[in-house]
Structure formats: C-alpha cells, structure tokens
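**Student:** based on what follows, work out the 3D shape:
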Amino acid sequence: MNQSHFRKLRVIAAGVLFSLATALFLGLDRLIPGAAREAVLSLQFIPSLLNFASAASLAAAGFIVVLLLTLLCGRVYCSTLCPLGVLQDIAIHLAGRFRPGRTKFVYARPHTALRYGVLILTLATLLSGSLLTVTLLDPFSGFGRIIADLVRPLYLSVHNLAADALTLFDIYLLKPVEWQAPSPVALAAALLLLAVILGLSVRKGRLYCNTVCPVGTLLGFVARFALFRIRIDQDACTVCANCSIACKAGCIRLKTATVDFSRCVGCGDCLAVCPALGIRYRLSAPWRGDPAAVADASKRAFLGKTFGYLAGAASLAPLGWVWKQGREANAAVAGPPAPPVSPPGSQSIARFNQTCTACHLCVSACPTQVLQPAFLEYGLSGLLQPRMDYHRSFCNYDCTLCGELCPTGAILPLPKAVKQTTQLGVARFLKEICIVYTDHTACGACDEHCPTKAVRLVPYQGSLTIPAVDETLCIGCGACEYACPVRPRRAIYVAGSPWHAVARKPDATPLTVEVKEDFPF
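**Tutor:** Residues are numbered from 1 along each chain as shown. Okay, the predicted model is just below:
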C-alpha cells in the first residue's frame, strides 16, 4: 500500500466509526442500520471480552478480532476503532489548527512501571469480582459517559429549542424530546474524564492511552509481535525530525533510529510528514532480532518488574474482602438497605455488577429515562452502573431496547413476552403514609397506572378504596411508584429483587401506560 494512502484510509474509517458511536450515545440508535450498530459495538475490546465471558459465544468474540488485527498491524484499534482514541486525535488536531506550533511532540520515556502497574491492578480487581477499575478506565465506557452525560443534554436542549422555534412558523418537522438531567455524580465523573483527556491530549498527545488505559497497554504488549510495523530506514532517513515531532505517542527516538511499537497507535502521521520516505510501514520480523523490538529493557528486567507488580496488586486483593466484611457487619447492626432494581435482562444484581462497565448506552436509549447512573446504591463496585430510578420515571411495559443495545451482555436481550413477566422486584405498600389513610381522600393513581393490575383498589371505609398488591402479578416496573403523589417518600415503592423471578401472566389484557402532561398527579 502507498504510504500516503494508509493515513487517509485510517482517518476515513475512524471518522465513520466515531460518528456511529457518537450517534448511538446520543440516543439516535433507531437511525443506524443494525449491521452498522453491531459492527461498532462488537469491536470494542473490553465490552466484547465481558460479553464473551458471559455468553461464551463466538458471536461475541470481537475482542479476538482486535487481538488478531493487533498481531497483524499493531495498535490500529487505538486510532481507528476506539472512539475515545479518536476523540483525542480530534482534540490534538483542533489544538493545532487554533494554536499552531503548540502541538509539536518529542520522544518520551515509556513509563513502563505505571503502564503495567495499572494493567495488573485492573486484572487483579477484575479477577476478584469487581469491575470498578474497568468501569473507570475502559475507553469505550468512558467515551460513552462523556457523550451520554455531557453532550447529549446539550444536543437535546438545542433540538428542543429548534423545535419550538420552528413551531412559531407552523413548521413541525422536529418533535420535542423529554429528557432527564444527569445526576451530579454522573456529570462530575464525565466532566473530570473529559478534562483529563483534553488536557493530556493537547499537551502530551497520546499519554493517556500509553499510561492509564489498560486496553492500550495490553494491545501494546501484543503489538511487540506485530507482523507489519512502522520502522525507520536509516539509509533513507535525513534526520529532519518531522516524524518525531508529529508522533502523538512520543515513541519515535531518532537518536537510536527506533520506534517503540508497543506505544505506537498506528495513526500514520509520521508517514505523512516524511519527505524522504525514511520511515515506513512494512513487513517486519521482531522475533528475528529486529533492533526496534529489543530497544526496551531486557526480558529479565521486564519479567522481574512484572512479578513485582503482580505481588503488589495481589497485596491489595484482601482489601476487597475487608470492605465486604465491613459492609456485612454494618448491615447486621443497622439492617440491610433495600436493594436497588437492576434492569430487565440483567438476571440478578450480582451478575449485573460483574458485567456492566457503565458505558451508559442503555441510559441514552431508554425512552422513559428510568435508567439512571447509580452512586452507592449498588455499593462502591457498582459506581455509575445504571439502576431503575422510579422517582424519575418507570419502565415501559412494551420496551426491550436496553437489552438489544448492551455491548457487554450485562443486560441480555429479552423477547417482549418474556420481559413482560420478568419480575425485577415487588411493590410494597405503606398504608401509614397513603393519602387515602392520612387524608381520607380518594386517589387510585397506582392502580390506574399498573400495567399488569398487580395493584388493585379494595374497599376501605365507606366509599373509599385503598391499594392492595398481588405479588404474583407484580413485575416491578415502577409505574405505581412513579405515579404516587405522596412526597418525599412514596406510599408505594418497588423493592428490588437480588435475583429476577417470573411473575404470573395477567389474566386480562394489560394496560398500556402513557405519559401525560399531568403524570404523575
């Protein structure tokens, strides 16, 4: 392939995949063909790996494709398939356009201890059953939270303003969209990540990918054995330093005429600026004594450091056990809090916590916006993972969208009939605070909005009726809790089930709950 064409093809592919990923997190999934949506989601490394571990299906083995691609071409995943990596490239490009001369890069030391320390800590926490480190460091999930929690509210605000403006001229091309503002915790997490990404990108290029991101470190290790590599041709090189200045990864060292391919993200910028074809992307054989492959520390030193990192990470593993024992002890004294409600298709809270990376794709796609990022409802290891927030909304009886989009398999796709009998939790009625009991006035909001009629009104006093819950019919959709007018605590609420059960199918045709302007009452 012509060296100048490599970068152009990469930029085009990256632009298409980045646009599709952004559209998904903006909630525009219905505008994207199913094949294109599957291609974007299945090739994300950590979500695909978790999905494969959960489903044990080759259909979810996109991470294997990424590994094979890395063995063939190096870390092109980081510059083409990873939307967070492309976001960094966009930030670097814009900084160069508006501040010329400020985006010149130089060779940087590899930060080996930090890179592999983060990777080993991530693997250690993953093997201990916690996804907290993966949640915070997975690049795809981080990008998702930036778009879903920061960009999407801005997009929807502009959309609704445009819709209102067009109606002034009797033009109704756009329909206003109801949306929920992100929680302060989700907003703060997304803002912090975006600030770190933009700050490091503009000042240090791909430093985040080569020091913090565990996927980048793992693929960098695999890239050491890549078949095609970027190498400096010392006979043609004029030592103009253009390649080193353009290298966002800081991995080109002109002093030794070597490229640290474990940190190269395969962007091709160096190929585009070399006037003498002194640096090329070509077939290589690192196992045959390629000097670039052995430019790092010796194998013994590397293995010694790796053993040290493993020992350090292992020493942190008991902290998880201590944390768990402390929580159980506190629960024994104060009484365990009511468990949160996990999404339909998650099967159980434990399984959901061990599979979800909090990418917030389901949060963006949820039509009623009942899925909201958790703070400590799941515990520390479930930080930012979606939960059913029935104070904000309810789960649509006919909707199965979250399971259709989840890239990790944390929310399994359910047929509509199965979803409509999946019991996420059970409604609990608090008679002491119900306005029928306290104010002796008629209500019935919970009964009116229950789609399965698990909540029914029974005779109370005189002509008054009061709610009663049939737990065998209740699916825990939260329509009753959302509709209840009692504040601040609702007189009827859904207690989440640690393991999802199967509810009895309603005898009559279920009601379709529609959101009205005066809902809840």
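**Student:** regarding the protein, what is its longest strand?
**Tutor:** In the chain, taking DSSP state E as the definition, the longest strand is strand 492-502.
**Student:** quick check: residue 172 vs residue 164, distance?
**Tutor:** Using C-beta to C-beta, to the nearest Å, we find residue 172 at a distance of 11 Å from residue 164. C-betas here are computed from N, CA, C, even on glycine.
**Student:** same thing with residue 211?
**Tutor:** Distance of residue 211 to residue 164, given as C-beta to C-beta: 46 Å.
**Student:** which one of these two has more residues nearby?
**Tutor:** Neighbour totals were compared for residue 211 and residue 164, and residue 211 leads with 21 against 11 (other C-beta atoms under 10 Å).
**Student:** which pLDDT value goes with the more buried one?
**Tutor:** For residue 211, the model assigns a pLDDT of 94.
**Student:** got it, and residue 260?
**Tutor:** At residue 260, pLDDT is 94.
**Student:** and for it, the neighbour number?
**Tutor:** Residue 260 has 24 neighbours, counted by other C-beta under 10 Å.
**Student:** contacting residues around the nearest residue to it once chain neighbours are set aside?
**Tutor:** Of all residues not flanking residue 260 in the chain, residue 251 sits nearest, at 4.0 Å (C-beta to C-beta, 6 or more residues apart in numbering). Applying C-beta atoms under 8 Å, 6 or more residues apart in numbering to residue 251 gives the contacts 107-108, 110, 210, 259-264.
**Student:** ok, now residue 119?
**Tutor:** Contacts for residue 119 (C-beta under 8 Å, 6+ apart) come out as 214, 217-218.
**Student:** got any ranges where the stretch 1-150 of the chain has weak pLDDT?
**Tutor:** For the stretch 1-150 of the chain, the stretches with pLDDT under 70 are 1-4, 56-59, 100-103.
**Student:** so where do the helices sit in it?
**Tutor:** 3-25, 34-42, 45-55, 62-73, 76, 83-98, 112-127, 132-137, 139-146 (DSSP state H, counting those that start in this stretch).
**Student:** report the buried residues of the fourth one.
**Tutor:** Buried residues in helix 62-73, counting neighbours by 16 or more other C-beta atoms under 10 Å, are found at 62-63, 66-67, 69-71, 73.
**Student:** of all residues in this structure, which one is nearest the centre?
**Tutor:** residue 359 (1.4 Å; C-alpha atoms, centre = their mean).
**Student:** SS state for that one?
**Tutor:** At residue 359 the chain is in coil, as set by DSSP: H, G, I helix; E, B strand; the rest coil.
**Student:** same question, residue 390
**Tutor:** The three-state label for residue 390, taken from three-state DSSP, comes out as coil.
**Student:** nearest residue to it other than its sequence neighbours?
**Tutor:** For residue 390, the nearest residue in space outside its immediate sequence neighbours is residue 478; the separation is 3.3 Å by C-beta to C-beta, 6+ apart.
**Student:** and that neighbour, what does it touch?
**Tutor:** 341, 370, 388, 390, 393-395, 494.
**Student:** once you drop chain neighbours, what's closest to residue 460?
**Tutor:** Of all residues not flanking residue 460 in the chain, residue 466 sits nearest, at 4.0 Å (C-beta to C-beta, 6+ apart).
**Student:** can I see the domain layout of this protein?
**Tutor:** When the chain is parsed with automatic domain parsing, its domains come out as 3-294, 349-502.
**Student:** just to revisit the earlier point, for the residue nearest to residue 390, give its distance to residue 494.
**Tutor:** According to C-beta to C-beta, residue 478 and residue 494 sit 5 Å apart.
**Student:** common neighbours of these two, please.
**Tutor:** By C-beta under 8 Å, 6+ apart, the residues touching both residue 478 and residue 494 are 341, 388, 390.
**Student:** list the residues that contact residue 255.
**Tutor:** Going by C-beta under 8 Å, 6+ apart, residue 255 touches residue 107.
**Student:** quick one: neighbours of residue 112, just the number.
**Tutor:** By other C-beta under 10 Å, the residues close to residue 112 number 18.
**Student:** mind putting the contacts of residue 251 into TSV with distance to residue 430?
**Tutor:** Converted to TSV, these look like this (distance: C-beta to C-beta, whole Å):
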residue	distance to residue 430
107	66
108	60
110	60
210	54
259	67
260	63
261	63
262	59
263	58
264	61
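**Student:** report the buried members of the residues you listed.
**Tutor:** By neighbour count, with 16+ other C-beta under 10 Å, the contacts of residue 251 hold 107-108, 110, 210, 259-264 as buried.
**Student:** among these, which pair sits farthest apart?
**Tutor:** The span of the buried ones among the contacts of residue 251, defined through C-beta to C-beta, is set by 108 and 261 at 14.8 Å.
**Student:** list just the nearest of the contacts of residue 119 to residue 345.
**Tutor:** Closest approach to residue 345 among those (C-beta to C-beta): residue 214, at 27.0 Å.
**Student:** who's in contact with the residue nearest to the closest one when sequence neighbours are not counted?
**Tutor:** Excluding the flanking residues, the one nearest residue 214 by C-beta to C-beta, 6+ apart is residue 122, at 4.2 Å. Under the criterion of C-beta under 8 Å, 6+ apart, the contact list for residue 122 reads 133-134, 137, 214.
**Student:** any chance of the contacts of residue 478 in CSV, with neighbour count and distance to residue 402 too?
**Tutor:** Converted to CSV, these look like this (neighbours: other C-beta atoms under 10 Å; distance: C-beta to C-beta, whole Å):
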residue, neighbour count, distance to residue 402
341, 27, 13
370, 27, 10
388, 26, 10
390, 26, 15
393, 22, 13
394, 25, 14
395, 26, 9
494, 27, 17
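**Student:** I'd like these as a markdown table, with pLDDT and distance to residue 277 appended.
**Tutor:** Shown next, in a markdown table, are these (pLDDT from 0 to 100; distance: C-beta to C-beta, whole Å):
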| residue | pLDDT | distance to residue 277 |
| --- | --- | --- |
| 341 | 95 | 61 |
| 370 | 95 | 57 |
| 388 | 96 | 58 |
| 390 | 95 | 63 |
| 393 | 94 | 59 |
| 394 | 96 | 63 |
| 395 | 96 | 59 |
| 494 | 95 | 66 |
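**Student:** tabulate these (a markdown table), appending distance to residue 54.
**Tutor:** Shown next, in a markdown table, are the contacts of residue 478 (distance: C-beta to C-beta, whole Å):
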| residue | distance to residue 54 |
| --- | --- |
| 341 | 20 |
| 370 | 23 |
| 388 | 20 |
| 390 | 27 |
| 393 | 27 |
| 394 | 27 |
| 395 | 22 |
| 494 | 26 |
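**Student:** about what we covered before: mind checking which of the buried ones among the contacts of residue 251 are in helices?
**Tutor:** residue 210 (DSSP state H).
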